[in-house]
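Give the three-dimensional model of this entry:
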Amino acid sequence: MSRTMLDADVRTAATWSIVLSVLMIAAGILAICVPLIAGVAVTAIVGWLLIFSGLLHLAFAWRAGRAGGVLWELLLGIVYGAIGLYLLVSPVAGLASLTLAIALYLLLEGILELVLSFQLRPAPGAGWLLVDGIVTLVLAVMIWSTWPSSAVWVVGTLVGISMFFSGITRLMLSVAVRRITA
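Numbers count the residues shown, from 1 in each chain. As a prediction, the model looks like this:
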C-alpha cells in the first residue's frame, strides 16, 4: 500500500472519529441537561449487564466441578439476575440505589486517596492526591447528604460530564491526526 493511500485511510478514519466525537459531546450535553433520563438509561444498561452476568454465572455453574463451586455460581447467578431484574422493573428506585452505591464508592476512594497522599507525602505530586482525595470526599458527602433526592441528577450528570470530556479529548486527538496527515 502506498504512502498516499495510507494517509487517505488515516484521514478518513480521523474524519469519522471527529464525527463520533461531536456526537459524543452532544450526547454528554444532553445527559447533563436531562440527567434523570440519562440516569434511568444508565440504570437500564446496568440492569441488562447484571442479567447477562447472572446468566453467565448460571452457565458456568455446571463447569465448576465441586458441589460447593456449583452452589456458589448458582447463588451468584441468581443474585446478579435478581438485582438486574430489579433495576429494569424499578428503574427510578434502581437509580436511587446506584446513586447510593456511587456515594459509597466515592467515600472509599476519597479515604484511600487521602491515606495514599500521606504515605507519598515527600514525593512530587503527592499534594495533588491530597486535593483529589478531599474533592472526592466532598463530592461523596454532597451526594450522601442529599440522597435520595440526589438520585435525580447524580448518575446522569456524572455520565454526561464523562461523555462530554471524552468527546472533547477524542475530538482533539482526531484533529491532531488529521493535521499530521494533511
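
Can you report how many residues neighbour residue 94?
Using other C-beta atoms under 10 Å, residue 94 has 25 neighbouring residues. Using the backbone N, CA and C atoms, a C-beta is placed for each residue, glycine as well.

In contact with the residue nearest to the spatial centre of the chain, which residues are there?
Centroid-nearest residue in the chain: residue 159, 6.8 Å away (criterion: C-alpha atoms, centre = their mean). Counting by C-beta atoms under 8 Å, 6 or more residues apart in numbering, residue 159 touches 31, 38, 39, 42.

Excluding sequence neighbours, find me the nearest residue to the first one.
The reference is to residue 31. In this structure, residue 31 finds its nearest non-sequential neighbour in residue 160, 3.0 Å apart by C-beta to C-beta, 6 or more residues apart in numbering.

re earlier: which one of the contacts of residue 159 has the most neighbours?
Tallying neighbours with other C-beta under 10 Å puts residue 39 at the head of the contacts of residue 159, with 28 neighbours.

Could you list every helix and strand in contact with the host helix or strand of that residue?
Element membership for residue 39, per DSSP states H and E: helix 35-61. Packing contacts for helix 35-61, counted by 3 or more C-beta pairs under 8 Å, 6 or more residues apart in numbering; DSSP states H and E, involve helix 3-33, helix 67-89, helix 91-119, helix 154-181.

could you check the angle helix 154-181 makes with the first one?
Between helix 3-33 and helix 154-181, the angle formed by their directions is 160 degrees, by axes from the mean of the first three to the mean of the last three C-alpha atoms, to 10 degrees.

hang on, the earlier thing: I'd like the helices and strands packed on helix 35-61 as JSON lines, with mean pLDDT and distance to residue 50 appended.
Converted to JSON lines, the helices and strands packed on helix 35-61 look like this (pLDDT from 0 to 100; distance: least, C-beta to C-beta, whole Å):
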{"stretch": "helix 3-33", "mean pLDDT": "87", "distance to residue 50": "21"}
{"stretch": "helix 67-89", "mean pLDDT": "90", "distance to residue 50": "3"}
{"stretch": "helix 91-119", "mean pLDDT": "89", "distance to residue 50": "10"}
{"stretch": "helix 154-181", "mean pLDDT": "85", "distance to residue 50": "15"}
